[in-house]
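[1] Predicted model and sequence below, questions to follow.
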Protein chains: 2
Amino acid sequence: MDDQRLERFFRRLRVRDTLGQAEREALSAVAGQTVYFAPGEMMARYGSSPSKSLLLVQGMAARQNTVESGQQQITAFHIAGDFVDLHSFLLSKLDHDVRAMSAVAAVEFPHDGLRRITEEFPHLTRLLWLSTLLDGAIHRQWLVAMGRLTAMAHMAHLFCEHFVRADNVGLVEDMSFPFEITQQELADALGLSNVHVNRTLQELRRQDLVSWDTKRVRVIDWKRLQEVGQFDPIFLDVVQTPR
Amino acid sequence: MDDQRLERFFRRLRVRDTLGQAEREALSAVAGQTVYFAPGEMMARYGSSPSKSLLLVQGMAARQNTVESGQQQITAFHIAGDFVDLHSFLLSKLDHDVRAMSAVAAVEFPHDGLRRITEEFPHLTRLLWLSTLLDGAIHRQWLVAMGRLTAMAHMAHLFCEHFVRADNVGLVEDMSFPFEITQQELADALGLSNVHVNRTLQELRRQDLVSWDTKRVRVIDWKRLQEVGQFDPIFLDVVQTPR
DNA sequence: CGCCACTTTGAAACAGTTCAACGTCAGTGG
DNA sequence: CCACTGACGTTGAACTGTTTCAAAGTGGCG
């Protein structure tokens, strides 16, 4: 029987390939306990060697590093249907912290179970691999945005990305998606100061591109938001094709 | 028989796990033609869907994106022993260009051959997967450096990273590694202007941390270079362990 | 009702950019 | 063999996007 908790994850895979009954059952069989985290709580720590990976079911999480000055840099945001640390299955130590941004529920996938999947389900293995490749593609776009776009364009790009990702797992309602983080946390993702994030946000609002009431971001002008952010969804690879 | 062209790639894997005879042979069997590229030449294009992946055997290559202003952002450098676009095996379209920085030789790996490996060699598949996870880990460190480090620290970090990576595949000699790119290309990787790269480089030289004669970068003070770059090699995961 | 976390505002400072000129060197052709 | 070329590196000076610091405003919650 399919595990209901994995529904959004299946959905994210199904926008890119098909997923067989046996594959869904294999994943369901490996899925373990649901674990819960309070907003701000650490889900995994820099330098640790987790024996399970966490699939987000509810809420939002981030991967982040701390530099000597005490500043933080967020390198990824995750939403329901995302594995937050599937890479820890093959990397021996975590090179970042994982922190819950909101109240979070996640399903544990023990690494020995994942290993069994790689021994018996080649196609499913490729889909799990794909999942980490999409993380990498998002990292690359963040690099481009950080290195060569203005604060305004960078922020618009991030909102575009999250709009599409949320849509892929059925979290968009009325052109809005859940985005429960603080301006400081957004600043830590964009590599900006909280002050400049605040001002850039005001400009995005003033131009009627988005609104954000701390719970959800609403896209007001999707076409112009994409233009401002120079957003091309190609990197999210939303294409149904055999992998 | 092992394919000699894959030697540095095997070496890169062997610093992280063991590689069986059968696995080396399977890879050798899939390896196709050697292809050559002149400095500056495009090896793969944004939006294309390659049917093979390229393993670098000689020279240096970069993945890069172009933004509307015409500026470029490099998101990865690759050296001998690296797959430059292994991710194109599972992603349907390339989200960046791949360009030869120097004279390059690369071995083609047809995707159907790679697929056969994933069907028959689970452990080798995990190692290929690992290879793309390391790319992702490097992307994340670049994000941290770009977002929260000064130009000076960022550049030092990049040199540290390349020193370790070059060392892993036996390219370090006399504390120096091949680094045949222009200052403009380095600027495109760091997200800086060529002018500021020039000045930052002068400061690194003035402090006797590195020298760079356009062909090779020589590390003069490894300990202080790591301090200046806040470099922690954990993300490169140089640990011999079963995966 | 008061606290605390978060957002907003203003002003000064700064890291890095831009523009434009000049220097250097390796390769090319006459 | 030397003048010419073009790509790359270096320098100076003005400029700007973003940061920093500090203070004030807002709002949800115990």
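    It's in. Numbering: from 1, shown residues only, chains lettered A, B, ... in the order given.

[2] what's the burial count for the nearest residue to A:Gln184 once chain neighbours are set aside?
    Closest residue to A:Gln184 apart from its sequence neighbours, by C-beta to C-beta, 6 or more residues apart in numbering or on different chains: A:Asn194 at 4.5 Å. Using the backbone N, CA and C atoms, a C-beta is placed for each residue, glycine as well. Residues lying near A:Asn194 (other C-beta atoms under 10 Å in any protein chain shown) number 13.

[3] what residues are up against A:Asn194?
    Contacts for A:Asn194 (C-beta atoms under 8 Å, 6 or more residues apart in numbering or on different chains) come out as A:183-184, A:187.

[4] Now the buried members of these.
    A:183, A:187 (16 or more other C-beta atoms under 10 Å in any protein chain shown).

[5] Could you tell me which of the contacts of A:Asn194 belong to helices?
    The helices, defined by DSSP state H, take in A:183-184, A:187 from the contacts of A:Asn194.

[6] Find the centremost residue of chain A, please.
    A:His78 (2.6 Å; C-alpha atoms, centre = their mean).

[7] Next, the buried residues of the longest helix belonging to chain A.
    Ranked by residue count and defined by DSSP H, the top helix of chain A is helix A:122-148. By 16+ other C-beta under 10 Å, the buried positions in helix A:122-148 come out as A:122-148.

[8] Rebuild the contacts of A:Asn194 as JSON lines, extending it with pLDDT.
    Listed next are those as JSON lines, based on pLDDT from 0 to 100:
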{"residue": "A:Gln183", "pLDDT": "97"}
{"residue": "A:Gln184", "pLDDT": "97"}
{"residue": "A:Ala187", "pLDDT": "98"}
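
[9] So which of the contacts of A:Asn194 reach DNA strand C?
    Contacts with DNA strand C within these, counted by C-beta under 7 Å from any atom of the strand: A:183-184.

[10] Let me know the closest of the contacts of A:Asn194 to DNA strand C.
    A:Gln183 (3.3 Å; C-beta to the nearest atom of the strand).

[11] what residues are up against that closest one?
    A:194, A:197-198, A:201.

[12] ditto for A:His78
    Residues near A:His78 by C-beta under 8 Å, 6+ apart: A:56, A:60-63, A:84.

[13] tell me the SS of A:Gln73?
    On the three-state scheme (DSSP: H, G, I helix; E, B strand; the rest coil), A:Gln73 is labelled strand.

[14] Just the strands from chain A, written as ranges.
    A:34-37, A:42-44, A:52-58, A:61-66, A:72-78, A:97-100, A:104-110, A:176-178, A:210-212, A:216-219 (DSSP state E).

[15] Any part of the fifth one near DNA strand D?
    No: with C-beta under 7 Å from any atom of the strand as the measure, strand A:72-78 is seen stopping short of DNA strand D, the closest distance being 11.2 Å.

[16] Got the domain ranges for chain A?
    Here the domain parsing of chain A from automatic domain parsing is A:4-138, A:145-236.

[17] Reformat those as CSV; add distance to B:Gln73.
    Formatted as CSV, these follow (distance: least, C-beta to C-beta, whole Å):
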stretch, distance to B:Gln73
domain A:4-138, 14
domain A:145-236, 4
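
[18] picking up where we left off before, could the strands of chain A be laid out in JSON lines, adding distance to B:Glu7?
    What follows is the strands of chain A, written out as JSON lines (distance: least, C-beta to C-beta, whole Å):
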{"stretch": "strand A:34-37", "distance to B:Glu7": "44"}
{"stretch": "strand A:42-44", "distance to B:Glu7": "36"}
{"stretch": "strand A:52-58", "distance to B:Glu7": "33"}
{"stretch": "strand A:61-66", "distance to B:Glu7": "34"}
{"stretch": "strand A:72-78", "distance to B:Glu7": "33"}
{"stretch": "strand A:97-100", "distance to B:Glu7": "37"}
{"stretch": "strand A:104-110", "distance to B:Glu7": "36"}
{"stretch": "strand A:176-178", "distance to B:Glu7": "48"}
{"stretch": "strand A:210-212", "distance to B:Glu7": "52"}
{"stretch": "strand A:216-219", "distance to B:Glu7": "50"}
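
[19] what's stretch A:196-206 in contact with?
    Against stretch A:196-206 from outside (C-beta under 8 Å, 6+ apart): A:151-152, A:155-156, A:159, A:183-184, A:186-187, A:190, A:192, A:210-212, A:228.

[20] let me redo that: stretch A:98-105
    A:34-45, A:54, A:56-64, A:77, A:84-85, A:180-181, A:185.

[21] So how do I select the buried members of the residues you listed in PyMOL?
    In PyMOL, a selection of the buried entries from the contacts of stretch A:98-105 looks like this (16+ other C-beta under 10 Å):
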select buried, chain A and resi 37+43+44+54+56+57+58+59+60+61+62+63+64+77+84+85+181+185
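
[22] filter the contacts of stretch A:98-105 by proximity to chain B?
    Taking C-beta under 8 Å from any C-beta of the partner chain as the test, chain B is in contact with A:Arg63 out of the contacts of stretch A:98-105.

[23] hmm, back to that, can you pick the most crowded of the contacts of A:Gln183?
    A:Val197 (21 neighbours).

[24] and the gap between it and chain B?
    For A:Val197, the distance to chain B (C-beta to the nearest C-beta, to the nearest Å) stands at 12 Å.

[25] list the contacts for the spatially closest residue to A:Leu114 that is not a sequence neighbour?
    Residue nearest to A:Leu114 in three dimensions, not counting chain neighbours: A:Phe89, with 5.2 Å by C-beta to C-beta, 6+ apart. Each residue near A:Phe89 by C-beta under 8 Å, 6+ apart is listed here: A:53, A:111, A:114-115.

[26] can I get these in JSON lines with pLDDT, neighbour count and distance to DNA strand C?
    Below are the contacts of A:Phe89 laid out as JSON lines (pLDDT from 0 to 100; neighbours: other C-beta atoms under 10 Å in any protein chain shown; distance: C-beta to the nearest atom of the strand, whole Å):
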{"residue": "A:Ser53", "pLDDT": "98", "neighbour count": "23", "distance to DNA strand C": "27"}
{"residue": "A:His111", "pLDDT": "98", "neighbour count": "17", "distance to DNA strand C": "33"}
{"residue": "A:Leu114", "pLDDT": "98", "neighbour count": "21", "distance to DNA strand C": "34"}
{"residue": "A:Arg115", "pLDDT": "98", "neighbour count": "18", "distance to DNA strand C": "38"}
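
[27] so A:Ala26 touches A:Glu120, yeah?
    Yes: in this structure A:Ala26 lies within contact range of A:Glu120 using C-beta atoms under 8 Å: 7.3 Å.

[28] Comparing the two, which residue is more hemmed in?
    A:Ala26 (17 against 12).

[29] give me every residue that touches the more buried one.
    Residues counted as contacts of A:Ala26 (C-beta under 8 Å, 6+ apart) are A:117, A:120-121, A:124.

[30] of those residues, closest to chain B?
    Proximity of these to chain B (C-beta to the nearest C-beta) peaks at A:Glu120, which lies at 8.2 Å.

[31] Between which two of the contacts of A:Ala26 is the distance greatest?
    Spatial extent of those (C-beta to C-beta) is set by the pair A:Glu120 and A:Leu124 at 8.6 Å.

[32] circling back: run through the bridge partners of the residue nearest to the centre of chain A.
    A:Ala61 (DSSP bridges).

[33] ok, which residues in chain A are in contact with DNA strand D?
    A:150-152, A:191-193, A:195-196, A:199-200.

[34] How many neighbouring residues does A:Leu19 have?
    Applying other C-beta under 10 Å, I find that A:Leu19 has 17 neighbouring residues.

[35] hang on, it packs against A:Phe10?
    Yes: counting by C-beta under 8 Å, A:Leu19 does reach A:Phe10; the two are 5.8 Å apart.
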